[in-house]
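Asks: quick one, fold the following:
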Amino acid sequence: MNPDFVPESADEEEAAAIVAAVSAHLAAEESEEEESVETWDGKRWAFAARTEAVTGRAVRPSDGTPTDAWTAAGRGDRL
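Replies: From the prediction side, this is the model:
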């Protein structure tokens, strides 16, 4: 069985290398998609404690707040 992306002229070793490379690429792409979904779940109270220690005002991020802590801290006056 030869996948479409493996040329028919490839020997068994070349075919295995091509399949391994494509599989690794697809796995990395899938991993990036999973990592990009970051939320504040489990981090809201820690963020509030840090902002209170620095500013004297506890601020909890909402669902729409950027998940990057530096960006969220910059918007602390709007939270």
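Asks: rest of the way, CA atoms for contacts and neighbours
Replies: Fine.
Asks: what's the nearest residue to residue 65 if we skip its chain neighbours?
Replies: residue 72 (6.3 Å; C-alpha to C-alpha, 6 or more residues apart in numbering).
Asks: any idea how far that neighbour lies from residue 11?
Replies: When distances are taken as C-alpha to C-alpha, to the nearest Å, residue 72 and residue 11 turn out to be 54 Å apart.
Asks: more crowded one of the two?
Replies: Counting neighbours by other C-alpha atoms under 10 Å for residue 72 and for residue 11 shows that residue 72 has the greater number, 19 against 10.
Asks: which SSE is that one in?
Replies: Per DSSP states H and E, residue 72 falls inside helix 69-74.
Asks: now stretch 62-69: average pLDDT?
Replies: Mean pLDDT, taken over the full extent of stretch 62-69, equals 83.
Asks: who's in contact with the residue nearest to residue 65?
Replies: 61, 65-66 (C-alpha atoms under 8 Å, 6 or more residues apart in numbering).
Asks: so where's the chain uncertain?
Replies: Across the chain, the ranges flagged by pLDDT under 70 are 1-3, 31-37.
Asks: and the helices in it, which stretches?
Replies: In chain order, the chain shows helices spanning 12-35, 44-55, 69-74, with DSSP state H as the criterion.
Asks: can you redo the contacts of residue 72 as a markdown table with distance to residue 46 and neighbour count?
Replies: Formatted as a markdown table, the entries for the contacts of residue 72 read as follows, by distance: C-alpha to C-alpha, whole Å; neighbours: other C-alpha atoms under 10 Å:
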| residue | distance to residue 46 | neighbour count |
| --- | --- | --- |
| 61 | 10 | 23 |
| 65 | 15 | 18 |
| 66 | 15 | 16 |
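Asks: burial of residue 52, as a residue count?
Replies: 14.
Asks: do the same with residue 41
Replies: 10.
Asks: likewise residue 60?
Replies: Residues near residue 60, counting by other C-alpha under 10 Å: 20.
Asks: could you chop the chain up by domain?
Replies: Following automatic domain parsing, the chain resolves into domains at 1-37, 44-78.
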